[in-house]
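*Asks:* Provided below are the primary sequence and the corresponding predicted coordinates.
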Amino acid sequence: KVPALLAETLGRPVTIEKIQLNPFALTFGVNGFRIDDTDGQPFVTLGELYVNLQSSSLFRRAVTLEEARLTAPQIRLRRLADGKPAFADILERLAAESKEEAEEPAGEPFPLILRHARIERGRITFRDESRRTPFEEEISPIDIALDDFTTRAVEGAEDSPYSFSATTENGATLTWEGTL
């Protein structure tokens, strides 16, 4: 049912090998997720999504995840010969669908506490088919670890500082800092 619902929403073939839910351990997993591109090749794939929700969420009044892990996520981004992204059809479908829904004013985000998050063995492929000679570039491996993240303000502090830093294999660095 889930792949068919997603396929109808996105207008693309969607497959899922396995969905696992353990209500006692409060874990959820998806294996073998795939959305096809218009050329039949994979657009988005995901080896595994694993989430472990903590029962303490009830007492903390925040979604508390002990672990969230994406294993082998891959996305293939294509720029077509006409210059449009190959996923423009998906964006158009989602935009049309969101117009049908009643708009509600944005409120505060629901509090989230995330103890350990991982992206392992990720890959992004860019392909530009609008050039005389198509250009292709791949960014991999993408490995990200995030520990003790929260969207809640720190009690007693006016602002909650955060920072993010990443370094590529060739030494390029990205740093992002701010306050919540």
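*Replies:* In hand now; what should we look at?
*Asks:* mind listing what's buried along the biggest helix by length in the chain?
*Replies:* Ranked by number of residues, the top helix in the chain under DSSP state H is helix 88-100. Neighbour counts using 16 or more other C-beta atoms under 10 Å place residue 90 of helix 88-100 among the buried residues. All C-beta atoms are positioned from the backbone trio N, CA, C, and that covers glycine.
*Asks:* can you name the element that comes right after it?
*Replies:* Counting by DSSP states H and E, the element after helix 88-100 in chain order, helix or strand, is strand 112-128.
*Asks:* report the buried residues of that next one.
*Replies:* Those buried within strand 112-128 under the rule 16+ other C-beta under 10 Å are 113, 114, 115, 117, 119, 120, 122, 125, 127, 128.
*Asks:* where exactly do the strands run in this structure?
*Replies:* 14-22, 27-36, 42-53, 63-79, 112-128, 135-150, 161-167, 173-179 (DSSP state E).
*Asks:* in terms of mean pLDDT, which of those strands ranks lowest?
*Replies:* Mean pLDDT values for these show the minimum at strand 161-167, a mean of 70.
*Asks:* what sits up against it?
*Replies:* By C-beta atoms under 8 Å, 6 or more residues apart in numbering, the residues outside strand 161-167 that reach it are 144, 173, 174, 175, 176, 177, 178, 179, 180.
*Asks:* and the angle from that strand to strand 135-150?
*Replies:* 150 degrees (axes from the mean of the first three to the mean of the last three C-alpha atoms, to 10 degrees).
*Asks:* may I have strand 161-167 as PDB, with CA atoms only?
*Replies:* Provided in PDB are the C-alpha atoms of strand 161-167 (Å, rounded to 0.1, in the frame of the first residue of the first chain):
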ATOM      1  CA  PRO A 161      23.900  28.100  19.900                       C
ATOM      2  CA  TYR A 162      24.600  25.400  17.300                       C
ATOM      3  CA  SER A 163      27.400  24.800  14.800                       C
ATOM      4  CA  PHE A 164      28.000  22.400  11.900                       C
ATOM      5  CA  SER A 165      31.300  21.700  10.200                       C
ATOM      6  CA  ALA A 166      32.100  19.400   7.300                       C
ATOM      7  CA  THR A 167      35.300  18.600   5.400                       C
END
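*Asks:* understood, closing this out.
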